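**Q** Okay, sequence plus prediction incoming.
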Amino acid sequence: MRRYWSIFLIFSIVFSFGIYTYTFEHTEAKNPQIIIQKKPILFGSKNKPVNIFDISDKRIRILYFGFTRCPDICPTSLAMLAGALNKINNKQQAKIRPIFISLDPERDSADHTAQYAQYFNPMIEGLAAPLDVITPLANKYGVIFRKVKLENSALKYTVDHNSYFYFVKPDGTLITKVPHTLTPRPIIEAIEKLTAT
């Protein structure tokens, strides 16, 4: 009797899981908004909302995470990215979407971040969002950052972070990453390779 009860219990669990999976998949298919809501919404110039993973936009994203009050690493990195953008041809430019994302939403408004990024090159989008949006997005690519207090400084704090250019597909899948560089060449090589097809 126990044997039959065990078989019945296992069958019930498997059947219930199958029904749940079928229902969940079909609910997502009928309600695409469920999928869209998983994508992070950031904000750019004039506080306009931006879905950076809009798959109708086929361009490869080049994501760089930093902050506008960064004293050296961010300006250097954005200058290298700008240098790379100036060296590639129009066809290559049309296939990429460079984006600077602030890790300091407490001080970096969306509008200010957009202006900061555009200072380096008009192609670079500057985006900001609340920390609860930025943190999981940064974690997705292994971005390490932390707020560090500065004693006896008007800035009060800085944001320590690692420095990479993340090349990602329209859906957010990581393709490759280029570490902090003092020459545009590694960024150019990555762009040339990924836009060759």
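**A** Cool, got the structure.
**Q** Next secondary structure element downstream of the lowest-mean-pLDDT helix or strand in the chain?
**A** One helix or strand of the chain scores below all others by mean pLDDT, DSSP states H and E: helix 33-36, with a mean of 34. Heading C-terminal from helix 33-36, the first helix or strand you meet, by DSSP states H and E, is strand 41-43.
**Q** which strands and helices sit next to that following strand?
**A** Applying 3 or more CB pairs under 8 Å, 6 or more residues apart in numbering; DSSP states H and E, one finds that strand 41-43 makes contact with strand 49-51, helix 131-140. (Glycine included, C-beta is placed from N, CA and C.)
**Q** looking at these, which is closest to G66?
**A** helix 131-140 (10.7 Å; CB to CB).
**Q** May I have the closest one as CSV, with CA atoms only?
**A** Listed next in CSV are the C-alpha coordinates belonging to helix 131-140 (Å, rounded to 0.1, in the frame of the first residue of the first chain):
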residue,chain,number,x,y,z
LEU,A,131,20.8,52.3,-7.0
ASP,A,132,18.3,49.4,-6.9
VAL,A,133,18.3,49.4,-10.7
ILE,A,134,22.0,50.0,-11.2
THR,A,135,23.2,47.4,-8.7
PRO,A,136,21.7,44.3,-10.2
LEU,A,137,22.7,45.6,-13.7
ALA,A,138,26.3,46.1,-12.6
ASN,A,139,26.4,42.7,-10.8
LYS,A,140,25.3,41.1,-14.0
